[in-house]
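*Asks:* just the structure for this:
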Amino acid sequence: MKNILAILITGLFIFNSCKKSEEQPVTTTVPTEKIIEIKTSFGNMYMWLNKETPLHRANFLALADTNYFDNSTFHRCVANFVIQGGDPNSKDANISNDGSGGPPWTIPAEIDSAKFKHVYGAVGAARTANSVNPLRASNGSQFYIVLPTAGTPSLNGEYTVFGKIIKGMDVAAIIVKQPQNASNNRPLTDIKMDVNVLEKTLQQLKDEYNFVP
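*Replies:* Below is the predicted model:
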């Protein structure tokens, strides 16, 4: 009798275990990475944000999430140097104030030229001059993209490099060639941006952008 009871209890335990397993299937979550999409009328650029510049990374993501950059323009485009944008002043009709705007804060410098140099496609944070900004704090929203294939090493150690373009540098090359005002390098026609945060798996980063973090 005891043997029969033991068999029944064991069978009931196995049955309940199987039933519980069927009711609660194990799911695995594939980790994702956040990247930035910059949409323009000439095509799209995709930016990786350095995790080792956490203040700049968090700031850019927060601004992009709230559509801060949308309809701002690339207001300064210098051949063989950089294209610069992200100024909220560039959304208005007054072109004379472009380059002087931003949110009411700056970002402490996160300069590490040993790790992050001004190479081709690097994304750096604009800032005011050393004479008024000796700590080299960054403007809260304005950024630039390095154009020369040899980079701009003269900027190393002076500005925070917080990201890089992982796809779409051909778009940056088109943007810098647009007709512009020779006195301030502002394009004659507004080149507006629409900035979004995308989430991609590591496999998607590799397949879609040929990029491995």
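
*Asks:* what segments of this protein are helices?
*Replies:* Using DSSP state H, the helices of the chain run over residues 2-23, 54-65, 169-175, 202-209.

*Asks:* now the third one: buried residues?
*Replies:* Same thing as helix 169-175. For helix 169-175, a neighbour-count test (16 or more other Cβ atoms under 10 Å) marks 169, 171, 172, 175 as buried. C-beta here means a position set from N, CA and C on the backbone, and glycine is covered the same way.

*Asks:* what about residue 34, how many neighbours?
*Replies:* Residue 34: 16 surrounding residues under other Cβ atoms under 10 Å.

*Asks:* measure it to residue 41 for me?
*Replies:* Separation of residue 34 from residue 41 (Cβ to Cβ, to the nearest Å): 25 Å.

*Asks:* now the weakest link among the helices of the chain, please, by mean pLDDT.
*Replies:* Note on the helices of the chain: lowest mean pLDDT is at helix 2-23, with a mean of 46.

*Asks:* what does the pLDDT read for residue 28?
*Replies:* pLDDT recorded at residue 28 is 75.

*Asks:* quick one, what contacts residue 84?
*Replies:* Counting by Cβ atoms under 8 Å, 6 or more residues apart in numbering, residue 84 touches 74, 75, 76, 77, 99, 126, 142, 143, 144, 145.

*Asks:* any low-confidence regions in this structure?
*Replies:* The model of the chain has pLDDT under 70 over residues 1-27.

*Asks:* please, where are all the strands along it?
*Replies:* Applying DSSP state E to the chain gives strands spanning 32-40, 43-49, 74-78, 82-85, 106-107, 122-125, 138-139, 143-146, 161-167, 180-181, 186-187, 194-201.

*Asks:* any chance of CSV for those, columns distance to residue 56?
*Replies:* Output for these, formatted as CSV (distance: least, Cβ to Cβ, whole Å):
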stretch, distance to residue 56
strand 32-40, 12
strand 43-49, 8
strand 74-78, 19
strand 82-85, 15
strand 106-107, 6
strand 122-125, 6
strand 138-139, 7
strand 143-146, 9
strand 161-167, 4
strand 180-181, 27
strand 186-187, 25
strand 194-201, 15
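
*Asks:* looking at these, which is nearest to residue 155?
*Replies:* strand 122-125 (6.8 Å; Cβ to Cβ).

*Asks:* alpha carbons of that closest one, as CSV, please.
*Replies:* Output of strand 122-125 as CSV, limited to C-alpha atoms (Å, rounded to 0.1, in the frame of the first residue of the first chain):
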residue,chain,number,x,y,z
ALA,A,122,33.5,61.5,-35.1
VAL,A,123,30.8,63.5,-33.4
GLY,A,124,31.9,66.2,-31.1
ALA,A,125,30.2,68.8,-28.8
